[in-house]
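Quick one, structure for this:
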Amino acid sequence: MRQGTILSTKPKPVLSPLRITVLLMGMLLTGGEAFPFGGQVVTILDGGTIEVVRNGKAQRVRLNGIACPKGGQPYSEQAKQATSDLAFSMDVTLQVYGKDKQGRVVADVLLPDERNMSRTLVQQGWCWWDRKQAPGDTQLEALEKEARDSQRGLWSDPDPVPPWEWRKNARVTTP
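Here you go, the predicted model:
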């Protein structure tokens, strides 16, 4: 070997067929979005649903891991206002998980200061940790317990009704 020649022992990265498949499946499940992307929040539909404009097109986004009060339910307007206060007209980053039954993108939404919107809303007491959607999220679990113990937001109500029970009760009482 000539002096001054350096041989690299680092292997070159290889995209295995498995990695390619995982990337493609992620893109298919999310409508082409396999990586985080940014956009501006242009609409607050309710406490847990926003619209973000990306490449000139508005996308409905459901905040991952939370369940906010629905329209007509106590605290629904406060939850919507809290979401608006946090994100309206802000540039946010979305970490996409997929789409829900309604075709909305399900994502962690990161604010310009890198706070996670779902966690912030739970911490403020405006929504429930959605155990069905994010069963292992111990951070959301702890933030909900903290808000409940401190009686913040909807937890000031001695018996707040989660939206999944509210919807069930609404169907039962509707003729």
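
What is the burial count for residue 107?
When neighbours are counted by other C-beta atoms under 10 Å, residue 107 registers 27. Every C-beta, even on glycine, is put in place using the N, C-alpha and C of the backbone.

which residues in this protein form helices?
With DSSP state H, the ranges of helices along the chain come out as 17-29, 76-87, 117-124, 138-150, 163-173.

on contacts alone, who are the packing partners of the last one?
So that's helix 163-173. If you count contacts as 3 or more C-beta pairs under 8 Å, 6 or more residues apart in numbering; DSSP states H and E, helix 163-173 packs onto no helix or strand.

swap in the third one?
Other elements packing on helix 117-124 under the criterion 3+ C-beta pairs under 8 Å, 6+ apart are strand 57-63, strand 66-67, helix 76-87, strand 105-110, helix 138-150.

closest one to residue 39 among the helices of the chain?
When these are compared by C-beta to C-beta, helix 76-87 sits nearest residue 39, at 11.0 Å.

Identify the residues contacting the closest one?
The contact list for helix 76-87, computed with C-beta atoms under 8 Å, 6 or more residues apart in numbering, reads 41, 44, 46-48, 50, 63, 68-70, 109, 111, 117, 120-121, 124, 126-127, 153-154.

ChimeraX command to pick out the buried ones of the residues you listed?
To isolate the buried subset of these in ChimeraX, counting by 16 or more other C-beta atoms under 10 Å, use the following:
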select :41,44,46,47,48,50,63,68,69,70,109,111,117,120,121,124,126,127,153,154
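
Let's have the helices of the chain in JSON lines, adding distance to residue 56 and mean pLDDT.
As requested, the helices of the chain are arranged in JSON lines below (distance: least, C-beta to C-beta, whole Å; pLDDT from 0 to 100):
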{"stretch": "helix 17-29", "distance to residue 56": "20", "mean pLDDT": "47"}
{"stretch": "helix 76-87", "distance to residue 56": "19", "mean pLDDT": "98"}
{"stretch": "helix 117-124", "distance to residue 56": "23", "mean pLDDT": "98"}
{"stretch": "helix 138-150", "distance to residue 56": "33", "mean pLDDT": "97"}
{"stretch": "helix 163-173", "distance to residue 56": "32", "mean pLDDT": "79"}
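
Most tightly packed of those?
Compared across the helices of the chain, helix 117-124 shows the largest average neighbour count, a mean of 24 (mean count of other C-beta atoms under 10 Å).

As PDB, could you dump the C-alpha coordinates of that one?
C-alpha atoms of helix 117-124 as PDB (Å, rounded to 0.1, in the frame of the first residue of the first chain):
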ATOM      1  CA  MET A 117     -49.700  20.100  20.300                       C
ATOM      2  CA  SER A 118     -51.400  16.900  21.600                       C
ATOM      3  CA  ARG A 119     -49.300  16.900  24.700                       C
ATOM      4  CA  THR A 120     -49.800  20.600  25.300                       C
ATOM      5  CA  LEU A 121     -53.600  20.300  25.000                       C
ATOM      6  CA  VAL A 122     -53.700  17.400  27.400                       C
ATOM      7  CA  GLN A 123     -51.500  19.300  29.800                       C
ATOM      8  CA  GLN A 124     -53.800  22.300  29.700                       C
END
